[in-house]
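S.K.: Sequence unavailable; structure follows:
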């Protein structure tokens, strides 16, 4: 009995330390070194307490949008592009890591709207991988995540994820197969077919939007080479959604690669409810515009500068 009470007292003490560390760090703006001296623990212990507080939900970050300018931008975007919602973060030029900031904003947006035991479809790419890791770290109960494409590595926990509170339902396949025949054969496999049957039943879908520059995920990871990219640009490609390439009006570009691609077709994506597109930065503006014109998105999460660029672009 005494041993059990000692264990409870120790847990209570740890919790009190954690709350104090959070208060001094986030409310009083103390440095970690100052908190270390104040609480009589090592600086590494303070770091551990702050991290545990973030993981367990003791500290939760909420973004208050008090800027009427940003709220007006959101309303203008909704009206212009027929969206159900828009969430805008500060301009990419003011952010240290725009991609990371937009991914964190997307994770907050999704968590506030996802019901318990919800199933969420997730697209392929760097931004969506970041979103997934933020979601799985912050979620109070396990999320159910269904992949919209092949390419398993982008759906796995990253090296920074100490907590990964998600059940993954992944298409067991590379993103791009060596032949159309192999792709067709894999689509007939029960394990693959099961995932594709789950996709229309999920409550929301999250997709990134790729651009046609040297930073494109599909180029950096070696799935496509520079010659492939040049050929796509010559055909009018301005970006991609789920690795399907689009022209400036959002029309799919028919290429041989499509036959080898393990990805949810764009026509199927258009039929899904609550498709959330997440992308920002001037280099992606043209690709985002194409995705909007194609009618593939219901919600857009982006930054202020990009939203302005999109609104300033005249209709074709």
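M.R.: Structure received. None of these values were measured; they are calculated from a predicted model.

S.K.: Tell me, how many residues neighbour the residue nearest to residue 152 when sequence neighbours are not counted?
M.R.: Counting by C-beta to C-beta, 6 or more residues apart in numbering, residue 152 lies nearest to residue 170, which is 5.4 Å off, once chain neighbours are set aside. Heads up, the C-betas are built off the backbone N, CA and C, glycines and all. For residue 170, the count of nearby residues is 19 (other C-beta atoms under 10 Å).

S.K.: which ones are touching residue 170?
M.R.: If you count contacts by C-beta atoms under 8 Å, 6 or more residues apart in numbering, residue 170 has them with 147, 152, 155, 195.

S.K.: Take the residues you listed and lay them out in TSV including distance to residue 306.
M.R.: Shown next, in TSV, are these (distance: C-beta to C-beta, whole Å):
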residue	distance to residue 306
147	26
152	30
155	26
195	32
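
S.K.: among those residues, who's most crowded?
M.R.: Within those, neighbour counts (other C-beta under 10 Å) peak at residue 147, which reaches 28 neighbours.

S.K.: Which pLDDT value goes with the nearest residue to it once chain neighbours are set aside?
M.R.: Closest residue to residue 147 apart from its sequence neighbours, by C-beta to C-beta, 6+ apart: residue 170 at 4.6 Å. pLDDT recorded at residue 170 is 95.

S.K.: after the lowest-mean-pLDDT helix or strand in the chain comes which helix or strand?
M.R.: Within the chain, confidence by mean pLDDT, DSSP states H and E is lowest for helix 2-22 among all helices and strands, at a mean of 60. As assigned by DSSP states H and E, the chain's next helix or strand after helix 2-22 is helix 32-39.

S.K.: any idea which helix or strand comes after that next one?
M.R.: Next along from helix 32-39, by DSSP H and E: helix 43-56.

S.K.: Tell me the buried residues in whichever helix or strand comes after that following helix?
M.R.: Counting by DSSP H and E, the next helix or strand C-terminal to helix 43-56 is helix 68-81. Using 16 or more other C-beta atoms under 10 Å as the test for burial, helix 68-81 gives 70, 73-74, 77, 81.

S.K.: Quick one, grab the pLDDT at residue 315.
M.R.: pLDDT, residue 315: 79.

S.K.: do residue 291 as well
M.R.: 98.

S.K.: Sticking with it, tell me its helix or strand.
M.R.: Assigned by DSSP H and E, residue 291 falls in helix 285-293.

S.K.: now that helix, how far from the chain's geometric center?
M.R.: On the basis of C-alpha atoms, centre = their mean, to the nearest Å, helix 285-293 sits 17 Å off its chain's mean C-alpha point.

S.K.: again with stretch 202-215
M.R.: The chain centre lies 8 Å from the centre of stretch 202-215; the measure is C-alpha atoms, centre = their mean.

S.K.: follow-up on the earlier one: what residues of whatever helix or strand comes next after the helix holding residue 291 count as buried?
M.R.: Remark: after helix 285-293, the chain's next helix or strand is strand 299-303, criterion DSSP H and E. For strand 299-303, burial by neighbour count (16+ other C-beta under 10 Å) applies to 299-303.

S.K.: Also stretch 262-275?
M.R.: 262-264, 266, 269, 272, 274-275.

S.K.: Same question for stretch 141-153.
M.R.: 143-152.
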